[in-house]
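Student: kindly generate the corresponding structure for this input.
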Amino acid sequence: MLFTVLEGEHSGAKLLVLLERDELVGDDPLGLAPLAPGLRRNGQLDRPGAAVFAEVFGPPPRLVVVGAVDTAEALCAAAKAVGWRTICVDARAKYATAERMPSADELYAEWPQDAFVHIAPDRNTAVVVLTHDEKFDIPALVAAFGTEAFYIGALGSRRAQSKRRERLIEEGITAEQLERLRGPVGLDIGAETPAETAVSILGEALALRAGRLGGPLREAAGRIHVER
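Tutor: Next up is the predicted model:
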């Protein structure tokens, strides 16, 4: 993360924050370093008496879908279109194939809890469970809650979500952890087809990543473009 002061007393000053090494290069008179872990996109942010531009360097966001179903392929295709890296996990080897999931950059024919060990979802990763089967989605969600994934979603009706939450509590998931679960997953756009459902889910993930609610722009109180 590189901060550059654009306006103010310290105009021209730069601060490089190396998050993985917990290291700072440069001076930090404005106290910018603590902001770095929460920033995921380039953009300008305002500080008292100063304007600062933040540049994020690193790999692209990742999407992990559990369940090699039609919606998973549509979701991977949509995510790739906006520059994300896509990963599909399905313990059923006959489904986790390049033929069924051509838009997946990585395929894991493993149980979700095992695949997540290799994938290691981080703060730049969205996890979406699409299996509709407890033996897959419960382990997947339990594993996801143990990561820093910024978005955790699960397909299913409100009734199915209620039952799923009960099962997750039985597995030791806390009420605080359950607050991270987006279920029913996606924005309310009246989606019916896999492609429409993919737009709904990706839209919600993008909004959360940008710190937005995902409502109509005409009702937004702030600027149209994200302020970071």
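
Student: give me the nearest residue to residue 186, chain neighbours excluded.
Tutor: Nearest residue to residue 186, sequence neighbours excluded (C-beta to C-beta, 6 or more residues apart in numbering): residue 200, at 3.4 Å. All C-beta atoms are positioned from the backbone trio N, CA, C, and that covers glycine.

Student: secondary structure element for the one you found?
Tutor: When secondary structure is defined by DSSP states H and E, residue 200 falls within helix 194-209.

Student: cool, residue 15 as well?
Tutor: Take DSSP H and E as the rule and residue 15 turns out to sit in strand 14-18.

Student: likewise residue 4?
Tutor: strand 2-7.

Student: ok, how many other residues are close to the nearest residue to residue 201 once chain neighbours are set aside?
Tutor: Excluding its sequence neighbours, the residue lying closest to residue 201 (C-beta to C-beta, 6+ apart) is residue 186, at 4.4 Å. Look at residue 186: counted by other C-beta atoms under 10 Å, it has 23 neighbours.

Student: could you confirm residue 186 falls within a strand?
Tutor: No: the secondary structure assignment for residue 186 gives coil rather than a strand, going by DSSP: H, G, I helix; E, B strand; the rest coil.

Student: check contacts around it.
Tutor: Residue 186 sits next to 153, 197, 200, 201, 203, 204 when contact means C-beta atoms under 8 Å, 6 or more residues apart in numbering.

Student: again, but for residue 7
Tutor: Remark: with contacts taken as C-beta under 8 Å, 6+ apart, residue 7 is in contact with 50, 51.

Student: re the thing from before, and the residue nearest to residue 201, how far from residue 138?
Tutor: Counting by C-beta to C-beta, to the nearest Å, the separation of residue 186 from residue 138 is 20 Å.

Student: now swap in residue 151 and tell me
Tutor: Residue 151 sits 18 Å away from residue 138 when distances are taken as C-beta to C-beta.

Student: looking at those two now, which is surrounded by more residues?
Tutor: The residue with more neighbours, out of residue 151 and residue 138, is residue 151; 25 against 21, by other C-beta under 10 Å.

Student: so that one touches residue 205, yeah?
Tutor: Yes: using C-beta atoms under 8 Å, residue 151 makes contact with residue 205 at a distance of 4.6 Å.

Student: give me the next element, helix or strand, following the lowest-mean-pLDDT helix or strand in the chain.
Tutor: Comparing helices and strands within the chain by mean pLDDT, DSSP states H and E singles out strand 43-47 as the least confident, with a mean of 84. Toward the C-terminus, strand 43-47 is succeeded by strand 50-55 as the next helix or strand (DSSP H and E).
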